[in-house]
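**Student:** Model the structure of this input:
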Amino acid sequence: MRIQFFGAARTVTGSKHLVTTEKGTKILLDCGLFQGIQTDEFNQEFGFKPAEVDYLVLSHAHIDHSGLIPRLVRKGFSGPIFCTAATADLCRIMLMDSAHIQVKDLERINRRRERQGRPLLEELYNGEDAEKALSLLRAVQYNQTFHLGTDNEVAVFFTDAAHILGSAAVHLSIPDKGTFKKLTFTGDIGRPEDHILRKPDRFPQADFIICESTYGDKLHEKETDMQAHLLRVVHETCVERKGKVIIPAFAIDRTQELIYALDQLSSSGKLPRIDVYIDSPLAIRATKIMKEHEECFNPEILEYIEKDGDAFAFPNLHYISDVSESIALNDSKEPCIIISASGMAEAGRIKHHIKNNINDPNSTILLVGYASPNTLAGALKRGDDEVNIFGEMYPVKAQVEVMDSFSAHGDYNEMLQFLSCQNPEHVKKVFLVHGEYETQVSFKIKLERAGFKDIHIPALYESVEI
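**Tutor:** The predicted model follows:
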């Protein structure tokens, strides 16, 4: 059996891991888009032949895990795509939205490349490719075994990873050299005290683990401080300085967590009476889908919904779809909160809101989740004095605040807790993916202290026989 790492290797985006069984069956775990500056070429070629892939198993709907599926289909993949029902519902809106962004971004990128005398890039995919990809989705429930390959060669099931709605860890039982090898792909590991979702599930003993490591060297802000921190930022910005709070947030899960937190503050009478705008058509559709999947919710929010009626609606909350309303927000001088996608500020309306407020020292850009270092949000989080927005440099005069308590990724303690159901003595090898290299080295040391013995950090395109 062989595993090849074609993305999220010593970086956090582009998740793609190709498993080839002894019989030659090819199973691709995730098919994510590389995100950030100068990643265009990485998304053009896969490093393998899509038409030769037999199956795709998708851990969750985030674009860095699902965003290249339409290109995979464009390049010849025609097999089934297995995921949870909630992931399928989210992909139906996210991949069409991504296709629209790809078409628009390509026009801008190629104009720049033409000015630089560089060859123009091929279109990654369009709406037709996304539609074809969506027709291949096959929804499977958590803990329901399904089979892949000739004679049901490989057994697979999902457990809840609690990262976003529908997210899953993937568990494969693969025949190899007269025995069965148990391979777990964690996907992205969620948090045991998520504001909306259930806790991550325990999972059976694995022989090999492909494990994410995004926050392998960090601990998150304590949960008890989260609402107080959010309220302080809002009060200082909107009440004292009369500015705007601009929040780049992933349309799925992060936006809903923010709405829920603000709903709680509003219900308790603590939130100042200012307008809150959800300026993302994708986030609006995702919120509707989230409401349709309460089976994924934890008991606390279900109890809150029973008392409050709706965890995602409160006075002065406005959902905006129309472009003209979005543009009007930039002309308004009234203090407000604007939550918009994308979370890494690499696409969507949020880039316009940041551009229009980055020179205002009274406003605050509030970062509430992981940001790859080579993204706009990453540059802001790093404290760069100037940032590149739409190809132009802007001095950063607005306040920049960071809140890690909203992160959907577990910190290193929470990831170790997720792995604590395993007997390290029986795990033959752990592959660390989905993390910056220095972070992975730090997490490797922590795993060794926890008893895991053979931990490998694969490089991009590396192939490993197991």
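**Student:** all strands for the stretch 301-450 of the chain, in order.
**Tutor:** Ranges of strands in the stretch 301-450 of the chain, per DSSP state E, counting those that start in this stretch, are 317-320, 336-340, 364-367, 386-389, 392-395, 399-402, 429-433.
**Student:** and the first one, which residues are buried?
**Tutor:** When you say that, I think you mean strand 317-320. Along strand 317-320, these residues count as buried under the neighbour rule (16 or more other CB atoms under 10 Å): 317, 319-320. Bear in mind the C-beta positions are built from the backbone N, C-alpha and C, glycine included.
**Student:** circling back: figure out which of the strands of the stretch 301-450 of the chain is closest to Gly243.
**Tutor:** Among the strands of the stretch 301-450 of the chain, strand 364-367 comes nearest to Gly243, with 6.6 Å by CB to CB.
**Student:** Provide the contact partners of that closest one at residue level.
**Tutor:** 233, 236-237, 243-248, 354, 357-358, 377, 380-381, 398-403 (CB atoms under 8 Å, 6 or more residues apart in numbering).
**Student:** Tell me how many other residues surround the residue nearest to Ser213 when sequence neighbours are not counted.
**Tutor:** The shortest distance from Ser213 to any non-neighbouring residue, by CB to CB, 6 or more residues apart in numbering, is to Gly435 (3.3 Å). With neighbours defined by other CB atoms under 10 Å, the count for Gly435 comes to 27.
**Student:** Tell me the confidence at Gly435?
**Tutor:** Predicted confidence (pLDDT) at Gly435: the value is 97.
**Student:** Next up, the contacts around it.
**Tutor:** Gly435 neighbours (CB under 8 Å, 6+ apart): 10-12, 212-214, 216, 443.
**Student:** if I look at Glu131, how far off is Leu262?
**Tutor:** Note on Glu131: its distance to Leu262, by CB to CB, to the nearest Å, is 35 Å.
**Student:** now whichever strand in the chain runs longest: mean pLDDT?
**Tutor:** Among the segments of the chain that qualify as a strand by DSSP state E, the longest is strand 168-176. Averaging pLDDT along strand 168-176 gives 97.
**Student:** Contacts made by it with the rest, please.
**Tutor:** By CB under 8 Å, 6+ apart, strand 168-176 touches 1, 19, 21-23, 27, 29, 57, 59-60, 83-84, 87, 142, 153-161, 180-187, 189, 200-201, 203-204, 206.
**Student:** hang on, the earlier thing: for Ile252, state which of the buried residues of strand 317-320 is nearest.
**Tutor:** Tyr319 (15.1 Å).
**Student:** separation between that closest one and Ala313?
**Tutor:** Counting by CB to CB - Tyr319 and Ala313 are separated by 9 Å.
**Student:** will you turn the strands of the stretch 301-450 of the chain into a markdown table that also has distance to Phe452?
**Tutor:** Formatted as a markdown table, these follow (distance: least, CB to CB, whole Å):
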| stretch | distance to Phe452 |
| --- | --- |
| strand 317-320 | 45 |
| strand 336-340 | 39 |
| strand 364-367 | 32 |
| strand 386-389 | 39 |
| strand 392-395 | 44 |
| strand 399-402 | 30 |
| strand 429-433 | 5 |
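**Student:** Compare the ones you listed and give me the one nearest Leu258.
**Tutor:** Nearest to Leu258, of the strands of the stretch 301-450 of the chain and by CB to CB, is strand 336-340 at 5.6 Å.
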